[in-house]
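Q: Need coordinates for the following:
(chains A and B)
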Amino acid sequence: MKNLFLIAYLDIRESLRSKWFYVYAVVFGGLMGLFFITGVSDSVVMGFTGLSRMMLIFIQVTIIILPIFILITTVKSISGDRESNVLEYMLSFPVSLRDYYWGKMLGRFVTVFTPVFFALLLGVVFGLVHGGDMPWHMIGLYSLLLVSISFVFLGIAFWLSTIVKSSDIALGGAFVIWITLLAFIDIALMGLMLQNRLDDNVIVTLAMLNPIEVFRIGAITLFDPELTVIGPVAYYLLDTLGATWLMVYAVVYPIVVGIVFAFLGYTAFRRKDLL
Amino acid sequence: MGLVTIENATKSFMGARVLDEVSITIDAGDRIAMMGPNGAGKTTLVRAMLGFYRIESGSIRVGGFDPMKQRVKVLENVSFIPQTPPPVRLSLDELLSFVERSSGTERQAIIAEASRMDLDVHSHLKKPFFKLSGGMKQKLLIAIALSKQSNLLVFDEPTANLDPKGREQFYQLLTEIDPQTATLFITHRLDEIEALVNREITMDLGKVVNDARL
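A: Sure, this is the predicted structure:
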């Protein structure tokens, strides 16, 4: 345990020196700034205006780019170190594999979560300056959902990073996972529904298993409790589970999936050849 | 029992056997030049000793410990210098902190050892390790390895990036190592380290084909 925080700290330092971190931070912070500059918060679309309107757009953007950002920047974490022989050197010191793996994951969680969280805080500050009611309850829940979505993709990325030897394959795998999950939030789901090829329960189950869809439903429930803005599957889930349990599920399920994948990655890291 | 005991170690990659029933014992004070053509299994053997590769059959013990199951115990007493300095993105300051805290090696000892090879660590502390020149990187890795209190030093072509003066300084430092410390050099140039070794092991096609005391 003694080296876990050391590895986490060093991973954070390393990330702060990397260009990807600045691109990542600028994209999220910049988007929030852009929303204000372009007057998104002053517009009214389907009843949403002010901070709610801006947060809704931020969520839509987060759904698309946060998973791929996390996957791309993290999937090389171990596979890249393995390929460049950094792993060979760092693990030639008396550091346990447990400390190394979980330390890396902790460090990477901090670096992927912080910029998104700061972007959210930036929105809150803009909202306060702009005046109007501040939906603190909504902001708290949305922060939890961000933790949850960050964690699941971090777990998947670490799993991929440990099971493949080449970082190019890891990158390709990450892209396939992202595009598949993204397709199944709307396009593929609606296609399946329209074609009536699958039972409705299967379609609902597919939606509930997809962490991006779960995040999307959870996040939009915060702004639109009736879920009138996003499709029938979400509405069915809301109707079946109720608002509270839907939110609990949206926060807990991705974390559980993230933990499962992270442990699968750790098991592979321990049991397979390290190089 | 030797410091390192390898018995019938076997390892394959994609069906090709890279270690074929290898048995070697390394005792305290052994200074070994390990040679052989590319693909002979030298690096694989070292990596198995350091717990990077899981052997399929046979056994490896380093200091009495299993490198896969007790890797921390094994690595507490081993220093390793890779053939090519890895592109570590940490600054020198961070790298030294990692070495200090993970292995208990004192920073001052590393800095002193590096200065004996004309490497001024202080003036590069904030610089990322990968931005140093090849020779500087190698000198720092050597200084770290020599400062760490180990029973076994493993060098994989340690002088590949050093200029003639750097090599001379490195060989001078090696003459000062505790006589009880075992050293294992993977090398293609026996002539350079002949005076420093007392044993020569040659590998080919995953087997030990020669093991001679000098």
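
Q: Tell me the buried residues in the one helix or strand A:I169 maps to?
A: For A:I169, the host element (DSSP states H and E) is helix A:167-183. Within helix A:167-183, the residues scored as buried using 16 or more other Cβ atoms under 10 Å in any protein chain shown are A:S167, A:A170, A:L171, A:G173, A:A174, A:I177, A:W178, A:L181, A:L182. Yep, even glycine has a C-beta here, placed from its N, CA and C like the rest.

Q: repeat for stretch B:160-170
A: For stretch B:160-170, using 16+ other Cβ under 10 Å, the buried residues are B:A160, B:N161, B:L162, B:G166, B:R167, B:Q169, B:F170.

Q: and if you look at stretch B:33-41?
A: B:A33, B:M34, B:M35, B:G36, B:A40, B:G41.

Q: now the third one: how far from chain A?
A: Just to be clear, that refers to B:M35. 21 Å (Cβ to the nearest Cβ, to the nearest Å).

Q: pLDDT below threshold where in chain A?
A: A:39-50, A:132, A:134, A:186-187, A:189-190, A:193-194, A:226-231 (pLDDT under 70).

Q: next structured bit after the longest helix seen in it?
A: In chain A, taking DSSP state H as the definition, the longest helix is helix A:97-130. Downstream of helix A:97-130, the next assigned helix or strand under DSSP H and E is helix A:136-163.

Q: what helices or strands is that following helix leaning on?
A: helix A:50-74, helix A:76-83, helix A:97-130, helix A:167-183, helix A:211-223, helix A:243-271 (3 or more Cβ pairs under 8 Å, 6 or more residues apart in numbering or on different chains; DSSP states H and E).

Q: and the first one, anywhere near chain B?
A: This points to helix A:50-74. No - judged by Cβ under 8 Å from any Cβ of the partner chain, helix A:50-74 stays clear of chain B, getting no closer than 13.6 Å.

Q: So which elements touch that helix?
A: helix A:19-37, helix A:97-130, helix A:136-163, helix A:167-183, helix A:211-223.

Q: Centre of the chain to the least confident helix or strand in chain B by mean pLDDT, how far?
A: Sorting the helices and strands of chain B by mean pLDDT, DSSP states H and E puts helix B:190-193 at the bottom, at a mean of 83. Distance of helix B:190-193 from the chain centroid (Cα atoms, centre = their mean, to the nearest Å) equals 16 Å.

Q: still on that earlier bit, so which of the buried residues of stretch B:33-41 would you say is closest to A:D273?
A: Nearest to A:D273, judged by Cβ to Cβ, of the buried residues of stretch B:33-41 is B:G41 at 14.5 Å.

Q: if we can go back for a sec, from the buried residues of stretch B:33-41, which single one is nearest B:L119?
A: Distances from B:L119 to these, taken by Cβ to Cβ, are shortest for B:A33, at 25.6 Å.

Q: Just the element for the closest one, please.
A: Residue-wise, B:A33 maps onto strand B:31-35 under DSSP H and E.

Q: CA-only coordinates of that strand in PDB, if you can.
A: C-alpha atoms of strand B:31-35 as PDB (Å, rounded to 0.1, in the frame of the first residue of the first chain):
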ATOM      1  CA  ARG B  31      30.600 -11.800 -12.000                       C
ATOM      2  CA  ILE B  32      29.000 -13.200 -15.100                       C
ATOM      3  CA  ALA B  33      29.200 -12.200 -18.700                       C
ATOM      4  CA  MET B  34      26.200 -13.600 -20.400                       C
ATOM      5  CA  MET B  35      26.500 -13.800 -24.100                       C
END
